[in-house]
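1. Got a predicted model here, sequence first, then my questions.
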Amino acid sequence: MKQQESTPFDLGNGSQSLLSVHKVLKRFGEKTILDEVSFEVEKGQVFCLLGPSGSGKSTLLRCIDHLEPIHGGEIRLNGERLGYRERRGKLVAMNDREASKMRMHIGMVFQHFNLFPHLTALENVALAPRQVKKLNKSDAEARAQEVLATVGLAEFFSSFPSQLSGGQQQRVAIARAVVMEPSVVLFDEPTSALDPELVGEVLLAMKRLAESGMTMIIVSHEVGFARDVGDMVALMECGRIVESGPPHEVFGKGEGFARTREFVKRII
Amino acid sequence: MGDMKMLGQRGQKLIESSQEKRTHNTASDESRKSYEEMPVGSRRKYGQILSGIIATILIAAVMVSLYRNHYINHSTIAHYLFSAPILSGLRVTIELAIAAEVVGIVFGIVLALARQSHNRVWAILSWLYIWGFRGTPLLVQIIFWGNIALLFPHLAVRIPGTSITFWSVHTNSVVTPFLAAILALGLNEAAYQAEVFRGGLLAVGQGQRDAALALGMHNWQVNRYIVFPQALRIVIPPTGNQFISLLKASSLVSVIAGGDLLSQVENIYATNYKTIELLIVAAIWYITLTSVTYVGQHFLEVRASRGAPATKLGNPMTRGLA
């Protein structure tokens, strides 16, 4: 690893890519969770990650947002290294301020929504524009109202999370991430905690977001969504990306996607 | 009956079953009617009624015996309840409790945050403090602070190793019994409040912190806008509990002549020997203060429950009885 760090990473044709993940290594104790994972996401792409539970998909997203430290490799957004700074030839984890500045450009949507229960839907969405982007109160709320309306929640501004259905809560969470105008939004199994009849409304909100040109990385078991909306589909197993390609090839007649098809057959 | 015989067994069965059906129908008709006519009542709680009667008799018996007891002089209680020394002691008790609680809360928050800090030194210092102050009796701490002058007769600002002294006073002129009482109660309270706050901070899930961090908030903003408001709701009931304990524990400062309610009461009965009457006076004031605390706690809980799923907080005084 040390040798690789000293040689500058050749971005190659990925030099224009929005997000590049290069040989990322992540361990919990002795266990290797991410085993030199590499992939690139272009601007406006929807990148869908499939894989069995425990294969490291969620950890990968958390590492991209620097909610977890990594032990090797690098992650770059718009060419800038995420989570770490070079100091005297060594990599040092960013401090609190640097990390929070970096996270402004990355949105994240969680499996269990993680809305702030003591704030209304509107306050949940307006909080970061107000406190992080330092907009004034009325501007922040106007932006929040706008974005909440686009996910179909114009009538729920003053509802608390406990008064909303799971699908509505997750749409508030999407609005909360999108209102910061991030370069990329990470979705960590956004529909896994939902009752089946509520999945559709969340996927629809995600589809609209994709159509608006947002770059998205989605960890999900929604194969239909990956096929219809995804630009790239990748299969993770045991901390590695084992297969990846455009959905029409992966799910169509393309060769070399046997494991993905096998996995899809198992979960459907 | 003759007709039935002619119908044979099979026919009879048919008739029987149809009769059965009819009786069944009428039964259900009747029961439906009875549901409409009869209001739903509650079961008589004979056990509760019986125990209520017994309890009333027992309480009344105790009251009557206290009332008739010739060793208690009721007019003495009435005389001292609003007397100047008692009211002054009451004021000192209230001031002591509030001042000590403020010290306890402020210092307790610092200790709780230090305990959770990534900085190991802070975490260990906080642990040591809590260990020491919770591990020794409050009464010992009060007597210690009351006698601090035995350990440090002078308080001074000077350059160590030289004779240059900028400022020096007798400890006893600064650490009055009142200040010693606040220090003892407050510093002890901080150790307990620190644990209350630590519990509140731990109760706010990691998911909440993750979500706030992911929005680009830095640590202080995460605490200020996300963690503290949610922890507040959790720490109010145990903090109310602590304050009630503190109100009563403040009576311990009578051992260093703290001038509080119990000190005053002791001073008075030391001269007139109306011990029980004056203790009743003190008890009446203490229970009044704790009752006021109940009400205050109730309003704080209502204010902090924003966004929480509807819960019945109920009457502040009788909560938990319903």
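-> Perfect, I can see it now.

2. from here on, contacts and neighbour counts on C-alpha atoms
-> Noted.

3. Can you list phi and psi of the residue in the stretch 101-250 of chain B that chain A sits nearest to for me?
-> Among the residues of the stretch 101-250 of chain B, B:G216 lies nearest to chain A; the distance is 4.3 Å by CA to the nearest CA. Note on B:G216: backbone dihedrals following degrees, to the nearest 10 are phi 100, psi 10.

4. just so I have it, where are all the strands in the chain?
-> Assuming you mean chain A. A:19-28, A:31-41, A:46-50, A:72-77, A:80-81, A:84-87, A:90-93, A:106-109, A:184-188, A:215-219, A:232-237, A:240-245 (DSSP state E).

5. Chain B was what I was after
-> Under DSSP E, chain B gives strands at B:154-158, B:165-170.

6. Out of those strands, which one sits most buried?
-> Among the strands of chain B, ranked by average contacts under mean count of other CA atoms under 10 Å in any protein chain shown, first place goes to strand B:154-158 (a mean of 14).

7. Tell me the helices and strands packed up against that one.
-> strand B:165-170 (3 or more CA pairs under 8 Å, 6 or more residues apart in numbering or on different chains; DSSP states H and E).

8. pLDDT averaged over the strand it packs on - what is it?
-> Averaged across strand B:165-170, the pLDDT comes to 81.

9. what angle do that strand and strand B:154-158 make?
-> Between strand B:165-170 and strand B:154-158, the angle comes out at 170 degrees (axes from the mean of the first three to the mean of the last three CA atoms, to 10 degrees).

10. State the distance from the residue nearest to the spatial centre of chain B to B:S291.
-> The C-alpha lying nearest the average C-alpha coordinate of chain B belongs to B:N241 (CA atoms, centre = their mean; 2.2 Å). Between B:N241 and B:S291 the distance is 12 Å, computed by CA to CA, to the nearest Å.

11. Likewise for B:A61?
-> For B:A61, the distance to B:S291 - CA to CA - is 25 Å.

12. thinking again about what came up before, correct me, but the residue of the stretch 101-250 of chain B closest to chain A touches A:A128?
-> Yes - assessed by CA atoms under 8 Å, B:G216 is found in contact with A:A128 at 7.4 Å.

13. Alongside chain B, which residues does the stretch 51-200 of chain A contribute?
-> Within the stretch 51-200 of chain A, the residues that sit near chain B (CA under 8 Å from any CA of the partner chain) are A:65, A:67, A:96-97, A:99-104, A:106-108, A:110, A:114-120, A:128, A:131-132, A:160-163, A:177, A:180.

14. again, 7 Å this time
-> Within the stretch 51-200 of chain A, the residues that sit near chain B (CA under 7 Å from any CA of the partner chain) are A:65, A:96-97, A:100-101, A:103-104, A:107-108, A:114, A:116-119, A:128, A:132, A:160, A:162, A:177.

15. Show me just the buried residues among the residues you listed.
-> Buried members of those, counted by 16 or more other CA atoms under 10 Å in any protein chain shown: A:65, A:100-101, A:103-104, A:107-108, A:114, A:116-119, A:128, A:132, A:160, A:162, A:177.

16. Tell me the pLDDT of A:V233.
-> Looking at A:V233, the pLDDT reads 93.

17. Tally up the residues packed near it, please.
-> Residues within reach of A:V233, counting by other CA atoms under 10 Å in any protein chain shown, total 25.

18. Show me the beta-bridge partners of the residue nearest to it when sequence neighbours are not counted.
-> Leaving aside its sequence neighbours, A:V233 sits nearest to A:C48 (CA to CA, 6 or more residues apart in numbering or on different chains; 4.8 Å). Counting by DSSP bridges, A:C48 is bridged to A:I218, A:V233.

19. Verify the stated contact: A:C48 with A:D228.
-> No - A:C48 is not in contact with A:D228 according to CA atoms under 7 Å; the separation is 10.9 Å.

20. Give me the more crowded residue out of these two.
-> Comparing A:C48 with A:D228 by neighbour count (other CA under 10 Å), the higher total belongs to A:C48, at 27 against 11.

21. Could you check how far that one is from A:A234?
-> Separation of A:C48 from A:A234 (CA to CA): 6 Å.

22. B:I284 now?
-> Relative to A:A234, B:I284 is positioned 74 Å away (CA to CA).

23. burial count for the residue of the stretch 101-250 of chain B closest to chain A?
-> Residues near B:G216, counting by other CA under 10 Å: 29.

24. quick one, what contacts it?
-> By CA atoms under 7 Å, 6 or more residues apart in numbering or on different chains, the contact set of B:G216 is A:S100, A:K101, A:R103, A:M104, A:V132.

25. now the third one, nearest residue through space, not along the chain?
-> Of all residues not flanking A:R103 in the chain, B:G216 sits nearest, at 4.8 Å (CA to CA, 6+ apart).

26. Over to the second one?
-> Taking CA to CA, 6+ apart as the measure, A:K101 lies nearest to B:G216, with 5.9 Å between them; neighbours along the chain are not counted.

27. What residue in chain A is the furthest from its centre?
-> Max radial position in chain A (CA atoms, centre = their mean) goes to A:R88, at 31.5 Å.

28. pLDDT score for it?
-> On the pLDDT scale, A:R88 is placed at 85.

29. now do B:G320
-> 54.

30. which two in the contacts of B:G216 are spaced the farthest apart?
-> A:R103 and A:V132 (10.5 Å; CA to CA).

31. quick one on the thing from earlier: just the ones of the buried ones among the residues of the stretch 51-200 of chain A next to chain B in helices?
-> A:S100, A:K101, A:R103, A:A128, A:A177 (DSSP state H).

32. tell me, how many neighbours does residue 213 end up with?
-> Picking chain A for this. A:G213, neighbours per other CA under 10 Å, totals 12.

33. switch to chain B, that's the one I care about
-> B:L213, neighbours per other CA under 10 Å, totals 23.

34. and B:H79, how many residues sit next to it?
-> B:H79 has 10 nearby residues by other CA under 10 Å.

35. Between B:A61 and B:S291, which is the more surrounded one?
-> B:S291 (15 against 12).

36. So which residues on the stretch 151-300 of chain B come close to chain A?
-> Residues of the stretch 151-300 of chain B lying near chain A (CA under 7 Å from any CA): B:G207, B:Q208, B:A211, B:L213, B:A214, B:L215, B:G216, B:M217, B:H218, B:N219, B:I226, B:Q230.

37. ok, the second one - how many residues close by?
-> Neighbourhood size, B:Q208 [other CA under 10 Å]: 19.

38. Provide a list of residues in contact with it.
-> Counted by CA under 7 Å, 6+ apart, B:Q208 has contacts A:N114, A:F116.

39. distance of it from A:N124?
-> Distance from B:Q208 to A:N124, by CA to CA: 12 Å.

40. shared neighbours of these two, which are they?
-> By CA under 7 Å, 6+ apart, the residues touching both B:Q208 and A:N124 are A:F116.

41. Poorly predicted segments of chain A, please.
-> A:1-16 (pLDDT under 70).

42. From what I see, A:P161 and A:Q169 are in contact.
-> Yes - A:P161 is within contact range of A:Q169, at 6.2 Å (criterion: CA under 7 Å).

43. Can you report how many residues neighbour the residue nearest to B:K248 when sequence neighbours are not counted?
-> Using CA to CA, 6+ apart and skipping the chain neighbours, the partner closest in space to B:K248 is B:Y286 (7.0 Å). Neighbour count of B:Y286, defined by other CA under 10 Å: 20.

44. Give the buried subset of the residues of the stretch 151-300 of chain B next to chain A as a ChimeraX selection command.
-> In ChimeraX, this line selects whichever of these come out buried by 16+ other CA under 10 Å:
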select /B:207,208,211,213,214,215,216,217,218,226,230
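
45. Taking the residues of the stretch 151-300 of chain B next to chain A together, which two end up most distant?
-> It's B:G216 and B:Q230 that sit farthest apart of these, by CA to CA, at 19.4 Å.
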